[in-house]
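A.B. asks: predicted model follows, preceded by the sequence.
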Amino acid sequence: MKVLIGANPMGLEETLPPCGADHPGVTFVHEPDRGKLSAAIDDADVYVGWIGEEQFAAAKELKWIQSPSSGTNYYLAIPALVASDVLLTSARGTHANCVADSAMAMILAFTRGVVDCVIAQQSRDWGVAKVVRPKLLELTGSQMGIVGIGAIGKAIAKRAKAFGMRVEAVDAFTNEGGEDVDAVWPLERLGALMRESDYVVVTLPWTRETDGMIDAELIGEMKPSGMLVGMSRGGIIDQDALGQALKERTIACAALDVFKPEPLPDDSELWDLDNLLILPHIAGGTQLEGKYIADIFRENMGKFLANDLPLRNQVDKERGF
């Protein structure tokens, strides 16, 4: 069995081959050149990495794709893949802690004056303290609203609780958020969550149903002092509506790690907003990323070879996650 590892920033070509130690019939091949991927994937049984329509069409023996990412919307945009019998598994759960760290860092960047001070540092402006200090906020006693209480949402809730926040969430599939969540409501209560929360963090997966879900109407429900944070996938938050709200100061600020499209075009008005923090889809980065993905892959390799389905994190290609 051939396992092909594509280009990736996690060093999977180092962490995955040891997963085959107990399976002598498995060969690992690394192809970091995207231009050569179609040729390399021709006889691969398993592929780990990102793939396009052309490469998928060239994969004549493919039976399983392991995404290095928690999200799988890129794969589900390939109709032939969705219609095929090829198994698709995600890295769901591996990025919970690092994305949660990033979400809190983005909030603190505004509430503790970090954004203003970084800008002032460029001009050696110590006097910025007179402007920044009166605006500083504690998170103690404020409310965080989490839209989608999966692994990432729960990790964010744990950190929010440590800051003395009240945490509420909405979710379409569960009313259980764990010990760090004060209440989980049906998705129908999203408007109320937006109204009541000081900080709203979006961690929903992208699907046809969630595309554009956080629209102008919902953003308009937020407090004038509220902050919106997007951490899952671009397209869930209406960027035009958010940009308008930020320009008109109907909400205080926002931070996004994900956009639609990516990269964010140079001419996007979002770049010029002083109350928007832009991260170029980096929140999933961690020194432990390769290890986490290897743990999933090791478990799934044993299950795959034993035809023990479903695999861990196996994606329902129709539902979208």
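C.D. replies: Noted; the coordinates are in hand. These numbers come from a predicted model, not from an experiment. Residues are numbered from 1 along each chain as shown.
A.B. asks: list the contacts of stretch 181-189.
C.D. replies: Stretch 181-189 has contacts (Cβ atoms under 8 Å, 6 or more residues apart in numbering) with 146, 149, 154, 157, 166-172, 174-177, 192-193. Every C-beta, even on glycine, is put in place using the N, C-alpha and C of the backbone.
A.B. asks: buried only: go through the residues you listed for me.
C.D. replies: 146, 149, 154, 157, 166-171, 177, 193 (16 or more other Cβ atoms under 10 Å).
A.B. asks: need those residues in CSV with pLDDT, distance to residue 249 and secondary structure, can you?
C.D. replies: Output for the buried ones among the contacts of stretch 181-189, formatted as CSV (pLDDT from 0 to 100; distance: Cβ to Cβ, whole Å; DSSP: H, G, I helix; E, B strand; the rest coil):
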residue, pLDDT, distance to residue 249, secondary structure
146, 98, 24, strand
149, 97, 30, coil
154, 97, 32, helix
157, 98, 28, helix
166, 98, 25, strand
167, 98, 26, strand
168, 98, 25, strand
169, 98, 27, strand
170, 98, 26, strand
171, 97, 30, strand
177, 94, 32, coil
193, 98, 22, helix
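A.B. asks: closest one of these to residue 21?
C.D. replies: Residue 21 lies nearest to residue 154 out of these, by Cβ to Cβ, at 32.7 Å.
A.B. asks: wait, isn't that closest one in contact with residue 179?
C.D. replies: No. The criterion here is Cβ atoms under 8 Å, and residue 154 misses it with residue 179 at 9.6 Å.
A.B. asks: chain neighbours aside, what residue packs nearest to residue 20?
C.D. replies: Closest residue in space to residue 20, ignoring its immediate chain neighbours: residue 26 at 4.0 Å, by Cβ to Cβ, 6 or more residues apart in numbering.
A.B. asks: hang on, the one you found packs against residue 302?
C.D. replies: No. Using Cβ under 8 Å as the test, residue 26 is too far from residue 302 to be in contact (10.9 Å).
A.B. asks: and stretch 148-163, C-alpha only, in CSV?
C.D. replies: Taking C-alpha atoms only, stretch 148-163 is exported to CSV below (Å, rounded to 0.1, in the frame of the first residue of the first chain):
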residue,chain,number,x,y,z
GLY,A,148,-20.6,26.2,17.5
ILE,A,149,-19.5,24.3,20.6
GLY,A,150,-17.2,21.6,19.1
ALA,A,151,-13.6,20.9,20.2
ILE,A,152,-12.4,24.4,19.4
GLY,A,153,-15.4,26.1,21.0
LYS,A,154,-14.9,24.0,24.2
ALA,A,155,-11.2,24.9,24.3
ILE,A,156,-12.1,28.6,24.0
ALA,A,157,-14.7,28.3,26.7
LYS,A,158,-12.1,26.8,29.1
ARG,A,159,-9.9,29.8,28.6
ALA,A,160,-12.7,32.3,28.8
LYS,A,161,-13.7,30.8,32.2
ALA,A,162,-10.2,31.2,33.4
PHE,A,163,-10.6,34.9,32.7
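A.B. asks: in it, what counts as buried?
C.D. replies: Residues 148-161, 163 are the ones in stretch 148-163 that count as buried (16+ other Cβ under 10 Å).
A.B. asks: for stretch 89-104, same thing?
C.D. replies: For stretch 89-104, by 16+ other Cβ under 10 Å, it's 89-100, 102-104.
A.B. asks: among those residues, name the ones in helices.
C.D. replies: The helices, defined by DSSP state H, take in 96-100, 102-104 from the buried residues of stretch 89-104.
A.B. asks: I'd like these written out as CSV, with pLDDT and distance to residue 276 added.
C.D. replies: CSV is the format used below for these (pLDDT from 0 to 100; distance: Cβ to Cβ, whole Å):
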residue, pLDDT, distance to residue 276
96, 94, 25
97, 96, 25
98, 96, 22
99, 97, 19
100, 98, 21
102, 98, 15
103, 98, 15
104, 98, 18
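A.B. asks: now the helices for the chain?
C.D. replies: According to DSSP H, the chain carries its helices in the segments 12-15, 37-40, 53-58, 73-76, 79-83, 96-111, 114-121, 129-132, 151-162, 190-196, 216-219, 239-247, 289-305.
A.B. asks: confidence-wise, which of those is weakest overall?
C.D. replies: Per-segment mean pLDDT for the helices of the chain reaches its minimum on helix 73-76, at a mean of 92.
A.B. asks: name the residue most distant from the centre of this protein?
C.D. replies: Distance from the centre of the chain peaks at residue 127, with 37.1 Å (Cα atoms, centre = their mean).
A.B. asks: so which of the buried ones among the contacts of stretch 181-189 is the closest to residue 308?
C.D. replies: Lowest distance from residue 308 to the buried ones among the contacts of stretch 181-189 (Cβ to Cβ) belongs to residue 154, with 27.1 Å.
A.B. asks: leaving out the residues flanking it, which one is nearest to the closest one?
C.D. replies: In space, and not counting its chain neighbours, residue 154 is closest to residue 178: 5.4 Å by Cβ to Cβ, 6+ apart.
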